[in-house]
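[1] Sequence and predicted structure, then a few things I'm wondering about:
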Amino acid sequence: RRATVIAHEMAHMWFGNLVTMRWWEDTWLNESFADYMGYRVAADGAGFGGSLVVHEATRKPAAYVADERRSTHPVAPAPEDVPDVDSAFTNFDS
């Protein structure tokens, strides 16, 4: 888990800080990319084989269940639906 979290945060540093355009506003894609790279690097780069399998078996099914709830929301809401930072934080889920 530690290797996954470190690689996730490093993906944010690389993708989010070094190569992302200034206008990039897609929080969902940033988090998805960082999650994918976290599991992928933990497995392939750090030698923790099966990390991606753990994600596929635990987090992904939980996200599908959350998506079926009445409280679900669009992956990428319209900018006017996210007026401030507090509203943006409500979009972070599985």
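    Looks like it arrived, so ask away.

[2] The residue most central in space within the chain: what's it in contact with?
    Nearest to the mean C-alpha position of the chain, by CA atoms, centre = their mean, lies Glu31 at 2.5 Å. Contacts for Glu31 were tallied using CB atoms under 8 Å, 6 or more residues apart in numbering; they are Phe92. Just so you know, the C-beta spots here come from the backbone N, C-alpha and C atoms, and that holds for glycine as well.

[3] List the buried residues in the helix or strand hosting it.
    Per DSSP states H and E, Glu31 falls inside helix 27-44. Judged by neighbour count (16 or more other CB atoms under 10 Å), helix 27-44 contains these buried residues: 27, 30-31, 33-35, 37-43.

[4] Who are the packing partners of whichever helix or strand comes after that helix?
    The helix or strand immediately downstream of helix 27-44 is helix 51-57, counting by DSSP H and E. Applying 3 or more CB pairs under 8 Å, 6 or more residues apart in numbering; DSSP states H and E, one finds that helix 51-57 contacts helix 27-44.
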